[in-house]
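Asks: next comes the sequence, and after it the predicted model I'd like to discuss.
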Amino acid sequence: MKKIRHPEKIGQIVDSKEERVHHLEVDLDEDDGEYLSRCQVDTPPKIVDLTWRLVNDRRPDVDSVVDFGCGDARFASAGKWGSYVGYEIDPKRAPKSRLPCGASFQVADAFGVSSLAGCFSACVGNPPYVRHHDLGGAWLAKTESRLSQIDGYVSDGRSNAYVYFMWLALDCVAANGLVAMVVPYEWSSRPASAALRKFISDKRWGVDIYHLHEAGFERVLTTACIAIIDKASKTGRWKFHDVAPDLSTRPLRSVTRSSERRLDYEEAATGTRAHRGLSPGGQEAFVLTEEKRIHFRLERGRDVVPAVTSFRHLESKQATLSESLFRENYINAGKPCWLLNTAADPSAALGVYLATIGESIRANYTCSARREWWRFPMPRPPHILYASGFKSTVAPKMFRNDIGAIHVGGIHGIYCERAGMVKSVFDRLSEMDLSSRVVPLSNGFLKLEVHQMNSILNALVHELQGNSQ
Ligand SMILES: C[S@@+](CC[C@H](N)C(=O)[O-])C[C@H]1O[C@@H](n2cnc3c(N)ncnc32)[C@H](O)[C@@H]1O
């Protein structure tokens with residue numbers, strides 16, 4: 001793999017006007033271009049100001065400040081601090097204007113700088129957001145090698161890049177230091193950051209999470225928050241706050257933003273369990289419309305099976321996905337609804353269709369990991385289908401699965417231990433208000449995770465067993 005180096009800049013001061021911009025040695029792979037383009041979303045100035053307000057409320061005279069993944073070092077342009085150093089991996093991001101006195105900008109990989117543990121009074125910033133399957137092996141190896149120096153570090157292969165930066169920040173501030181980072185709100189609830197939250201809780205550090213509805217980022221997929229972790233506070237308390245559009249803050253009762261406790265994440269305790277929607281490796285290629293099915297002469301059952309990828313266009317008062325509803329709302333409506341049947345060897349017709357699928361699908365994350373790029377294990381059709389996401393309703397849309405459709409993508413499935421239980425499980429689920437018990441993602445969009453559905457099902461099965469005794 002070709003390396004891009006900047007030898008003429010290594011270790012030198014590069015801007016005669018700006019004496020505080022330094023370039024250390026950074027190796028950027030060509031592949032890093034994609035990683036960088038994913039994560040270079042700048043923080044709006046009002047959020048930088050708010051972050052500093054929250055820091056200076058707690059530390060009016062904060063001394064040394066570090067910013068990992070500092071971009072153009074915009075966090076140096078606000079707040080009250082003694083000294084500031086920003087580390088940025090991409091030399092092209094260097095600040096365009098002069099830095100304030102006491103601030104410096106270093107081109108360096110945050111995880112490659114040695115001897116920073118416990119060195120700073122505070123760490124501020126907005127670390128990169130890159131999903132775990134977009135993080136390369138080399139990136140992970142280097143990052144893990146740095147973080148494994150932390151006593152108590154627990155690696156979780158499902159983590160987004162920002163989680164690694166939070167570990168680094170906690171390690172680099174002193175024993176009474178403060179971390180203030182703009183990160184996705186989901187860090188406070190998702191399983192992939194559970195080890196980080198446990199580490200913080202075990203230390204009994206005080207945590208304040210400020211939920212931003214309208215942060216004003218140019219392109220973000222999740223709701224953001226400002227997470228403040230105060231190592232000096234030994235209360236062990238996690239407090240949640242709402243940030244209004246005028247940036248005033250008010251306390252919230254819990255992470256779900258309501259007075260109700262968040263639904264727990266549980267493994268299924270019985271054969272009644274939820275199952276994530278299938279990820280076949282590219283819905284466009286693997287789930288076809290009726291028009292495409294006919295074009296390639298693919299037969300229902302032999303080559304394709306019914307499948308649902310969305311309920312958005314269905315009314316929730318319909319309780320059953322029947323043959324007529326499927327025909328009218330999926331087949332005739334031109335929706336993707338035929339999943340390739342890869343259980344047996346492909347028929348001649350299916351073979352012809354597979355040959356039309358291009359390299360970009362064959363080489364994607366899911367397909368390239370398979371022995372035969374197109375073959376996936378076909379799940380059993382679940383008894384109940386539900387949308388994992390919902391908005392403006394009290395619970396996700398849910399249907400009894402009369403046609404044996406396969407659940408794909410954001411549509412998840414529920415298997416009941418016995419067919420005789422399906423009606424009771426469905427009826428009880430349909431009565432529930434779950435909206436106040438899950439964490440909002442963005443714009444009021446709520447997501448019910450598979451393991452949260454399992455915790456509901458575990459309780460439900462217990463209740464149904466009690467009723468039948
Ligand atoms: C979300 S942007 C935030 C930039 C800036 N802090 C702001 O708030 O506007 C994250 C930055 O981290 C940088 N970055 C990504 N990985 C890095 C690494 N390993 N070391 C240093 N910087 C990194 C990216 O180039 C990007 O500029």
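Replies: Received, thanks. Numbering: from 1, shown residues only.

Asks: for this structure, which helix is longest?
Replies: helix 450-468 (DSSP state H).

Asks: and that one, how far from the chain's centre?
Replies: Relative to its chain's centre, helix 450-468 lies at 27 Å (Cα atoms, centre = their mean, to the nearest Å).

Asks: and that helix, which residues are buried?
Replies: 450-458, 460-461 (16 or more other Cβ atoms under 10 Å). Backbone N, C-alpha and C define where each C-beta goes, glycine included.

Asks: any idea how far the ligand is from the closest residue to Gly410 other than its chain neighbours?
Replies: Sequence neighbours aside, Ser388 is the residue nearest to Gly410 in space, at 5.2 Å (criterion: Cβ to Cβ, 6 or more residues apart in numbering). Ser388 is 27 Å from the ligand, where distance means Cβ to the nearest ligand atom, to the nearest Å.

Asks: pretty sure Ser388 is touching Pro396, no?
Replies: Yes. At 6.6 Å, Ser388 and Pro396 qualify as touching, with contact defined as Cβ atoms under 8 Å.

Asks: who has more neighbours, these two?
Replies: Pro396 (25 against 20; other Cβ atoms under 10 Å).

Asks: which bits of the stretch 1-150 of the chain sit near the ligand?
Replies: Residues of the stretch 1-150 of the chain lying close to the ligand (Cβ under 6 Å from any ligand atom) are 36, 39-43, 68-71, 74, 87-90, 93, 109-111, 125-126, 128.

Asks: now list the buried members of the residues you listed.
Replies: 36, 39, 41, 43, 68-71, 74, 87-90, 93, 109-111, 125-126, 128.

Asks: can you give me the end-to-end span of stretch 415-427?
Replies: 15 Å (Cα to Cα, to the nearest Å).

Asks: right, I mislabeled it, should have said stretch 110-122
Replies: 15 Å.

Asks: hey, what's in contact with both of Ser388 and Pro396?
Replies: Leu448 (Cβ atoms under 8 Å, 6 or more residues apart in numbering).

Asks: OK, contacts around the residue nearest to Gly410?
Replies: Per Cβ under 8 Å, 6+ apart, neighbours of Ser388: 277, 396, 410-412, 447-450.

Asks: please apply the same query to Arg293.
Replies: Arg293 neighbours (Cβ under 8 Å, 6+ apart): 300, 303-304, 338.

Asks: ok, of those, which come out buried?
Replies: 303-304, 338.

Asks: out of these, which comes closest to the ligand?
Replies: Using Cβ to the nearest ligand atom, the shortest approach to the ligand within the buried ones among the contacts of Arg293 belongs to Trp338, at 40.0 Å.

Asks: next up, the contacts around the closest one.
Replies: 287-290, 292-293, 298, 300, 304-307.

Asks: got the phi and psi for it?
Replies: phi -120, psi 110 (degrees, to the nearest 10).

Asks: one step back: now, the contacts of Trp338 that are in strands?
Replies: Within those, residues falling in strands by DSSP state E are 287-288, 304-307.

Asks: quick check, nearest of these to Lys317?
Replies: Pro306 (21.6 Å; Cβ to Cβ).

Asks: Glu299 and Ala349 touch, don't they?
Replies: Yes. Using Cβ under 8 Å, Glu299 is in contact with Ala349, at 7.4 Å.

Asks: have a look at these two and say which one is more surrounded.
Replies: Between Glu299 and Ala349, Ala349 has the larger neighbour count (other Cβ under 10 Å), namely 15 against 12.

Asks: which helix or which strand is home to that one?
Replies: Using DSSP states H and E, Ala349 maps to helix 348-355.

Asks: tell me what angle that helix forms with strand 304-308.
Replies: With axes from the mean of the first three to the mean of the last three Cα atoms, to 10 degrees defining the directions, helix 348-355 sits at 50 degrees from strand 304-308.
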